[in-house]
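S.K.: Whatever this is, show me its structure:
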Amino acid sequence: MPLDPVLIDTLRGISTATLTMQLLNRGIRRSAMEGVRPLVPMKQRLVGEAFTLAYIPLREDLSGYAVLGRPDYAPRVAIEQAPPGSVLVIDARGEASTGIVGDILVARLRARGVVGVVTDGGLRDVEATVPLGLPIFAAGPAAPPSISGLSGAGMQGPIGCGRVAVIPGDIIVGDQDGVVVVPKALAQEVATSGAEQERLERFIQIKVLAGAATPGVYPADDLTKSEYKEWLAAGEPKEW
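M.R.: Here you go, the predicted structure:
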């Protein structure tokens with residue numbers, strides 16, 4: 001079942017920094033991927049359900065050039081089965097020097113309606129891939145193909161990416177700070193609370209820019225919270 005468009009829009013308005021705090025408050029300590037950064041400029045935050053793909057360490061009989069053409073080769077199957085609106089999340093075992101996807105596969109994903117790619121491996125063909133505009137988060141550019149260092153394994157199972165557990169259907173949110181994994185069961189409450197945190201912090205930023213010291217303002221004490229309610233009632237003015 002596709003994600004609720006309202007939930008998607010709400011999460012697009014919440015930074016990954018805020019999401020990590022919201023998840024920390026709910027006992028999820030490791031939600032932000034390590035070593036995974038945006039390589040393609042984005043017009044808005046990446047939000048979508050995770051469709052997972054896993055690689056295993058290189059084994060030569062599983063990683064020859066001929067394997068790329070096999071109809072059951074998991075990385076190729078995943079390219080064709082990741083549904084529109086999903087984010088293809090690829091466990092590359094942190095092999096930053098191995099290219100996991102390149103311009104042709106990214107073009108196919110874009111044509112199929114996949115909204116982004118996240119991997120802790122490398123991105124090939126950067127010059128040709130970036131202009132395609134599909135959001136891609138990876139460990140960095142890498143020329144060698146995936147079969148030079150890894151073997152394609154399974155898809156749509158639990159994986160690790162950037163030292164974070166990812167379960168198919170988890171919500172992936174990516175921005176300039178990186179990628180956060182939101183468990184699907186927590187997504188709605190995290191979105192609601194996260195939007196409120198963003199709103200309060202906008203008010204705090206207004207006060208700080210106006211000269212307020214941070215003690216009592218950030219984090220907000222009772223006085224600041226009272227002023228915040230007044231600010232909301234006034235229609236959230238840009239100055240206070």
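
S.K.: So which residues of the chain form helices?
M.R.: Under the criterion DSSP state H, the chain contains helices at 5-12, 16-24, 74-81, 103-112, 126-129, 187-209, 222-233.

S.K.: In stretch 26-43, which of the residues would be classed as buried?
M.R.: Residues of stretch 26-43 classed as buried by neighbour count (16 or more other CB atoms under 10 Å): Ile28, Ser31, Ala32, Met33, Val36, Arg37, Pro38, Leu39, Val40, Met42. Where you see a C-beta, it was placed from the backbone N, CA and C, and this is true even at glycine.

S.K.: What pLDDT is listed against the second one?
M.R.: Translated: Ser31. For Ser31, the model assigns a pLDDT of 98.

S.K.: contacting residues for it?
M.R.: By CB atoms under 8 Å, 6 or more residues apart in numbering, Ser31 lies in contact with Leu19, Thr20, Leu23, Leu24, Val164, Val180, Val181, Val182.

S.K.: picking that back up, list the ones among the buried residues of stretch 26-43 that fall in strands.
M.R.: Among these, DSSP state E puts Arg37, Pro38 in strands.

S.K.: Out of the buried residues of stretch 26-43, which one has the lowest pLDDT?
M.R.: Met42 (94).

S.K.: these two touch, right, that residue and Asp175?
M.R.: Yes: if you go by CB atoms under 8 Å, Met42 and Asp175 touch, sitting 7.3 Å apart.

S.K.: any idea how far Leu150 is from the closest residue to Ala165 other than its chain neighbours?
M.R.: Using CB to CB, 6 or more residues apart in numbering and skipping the chain neighbours, the partner closest in space to Ala165 is Pro158 (6.5 Å). Look at Pro158 and Leu150: by CB to CB, to the nearest Å, they are 18 Å apart.
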